[in-house]
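Got a sequence here, can you model it:
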Amino acid sequence: MNERFVYTGRELEAMSLAVNYHRWIFESMKPHLGKRLVEVGAGQGSFSEMLLECDAERLALLEPSRSMYEQLKARVSHLKTNATVETYNATFREVSEEIRASQEPDSILYINVLEHIEDDEAELALAHRTLCERGRVFIFVPAFKWLYGKFDEEVGHVRRYSKRELEDKCRHARFKIIKSTYFDFLGLFPWYVKYRILKSSSIEPWAVQLYDRYLLHVTKAIESTVRPPIGKNIVLVAEKV
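Below you'll find the predicted structure:
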């Protein structure tokens, strides 16, 4: 699998309905975000809109899929913001030098992206080189190899992570861990049943909406008071040293 792989099927459309879920991810990162942001693998731009709530000065959005890039560009063109927003139909490796020279980013985000990249350690090293002094990398990835199933294959996941593995790879790339935690504890169990036991390879829009509208609030309330020992995903923030 290479870093230009992008899945553009019904599963991606279904996950675009998870508005509250994306908001929760954003809220977990917001206190640590800077003003000059880069989102790698921005997709259709559903997460990108929220990034502008941070009073960003500059926002660079990268999307390698041509069809998704056109959707992203159209969406961004309708946003009202004082920030300078630039879009790139490219991988991060292809435009990192240009972004470093023009923007000196202080925040680089990989939201459900790093697991698609074959050489994730080289990608993290590239992020380190591109960031300004004490810049930060923001990562959201699927957790646990034992959850890997047919669905992961279908959407192009090279791997799922343990928290320790992700932390070690970030430290190897010379980042200091600021925040690292498992995420969505209750979502782990239905995922295991559907994708490991039943071996499903699809995700239904109605199921996404049901969880997002009604069950997510329970999970979020619990995790706001108790750090989960395990979870379906991992959220990590690390600083360049």
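
only C-alpha atoms for contact and neighbour calcs from this point on.
Noted.

does residue 61 count as helix, strand or coil?
strand (DSSP: H, G, I helix; E, B strand; the rest coil).

and it, what is it in contact with?
By C-alpha atoms under 8 Å, 6 or more residues apart in numbering, residue 61 lies in contact with 38, 39, 40, 41, 42, 48, 85, 86, 87, 88.

Put together a markdown table for these, with neighbour count, distance to residue 57 and secondary structure on each row.
Formatted as a markdown table, the contacts of residue 61 follow (neighbours: other C-alpha atoms under 10 Å; distance: C-alpha to C-alpha, whole Å; DSSP: H, G, I helix; E, B strand; the rest coil):
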| residue | neighbour count | distance to residue 57 | secondary structure |
| --- | --- | --- | --- |
| 38 | 31 | 11 | strand |
| 39 | 24 | 14 | strand |
| 40 | 22 | 17 | strand |
| 41 | 29 | 20 | coil |
| 42 | 26 | 18 | coil |
| 48 | 21 | 14 | helix |
| 85 | 18 | 9 | strand |
| 86 | 14 | 11 | strand |
| 87 | 18 | 15 | strand |
| 88 | 19 | 17 | strand |
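
Nearest to residue 166 among the residues you listed?
residue 40 (17.4 Å; C-alpha to C-alpha).

hang on, the earlier thing: now the two most distant members of the contacts of residue 61.
Those two in the contacts of residue 61 that are separated most widely, counting by C-alpha to C-alpha, are 41 and 85, at 15.0 Å.

quick revisit: let's have the contacts of residue 61 in a markdown table, adding pLDDT and distance to residue 224.
Formatted as a markdown table, those follow (pLDDT from 0 to 100; distance: C-alpha to C-alpha, whole Å):
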| residue | pLDDT | distance to residue 224 |
| --- | --- | --- |
| 38 | 98 | 27 |
| 39 | 97 | 26 |
| 40 | 97 | 27 |
| 41 | 94 | 28 |
| 42 | 94 | 27 |
| 48 | 93 | 24 |
| 85 | 96 | 32 |
| 86 | 96 | 34 |
| 87 | 97 | 34 |
| 88 | 97 | 36 |
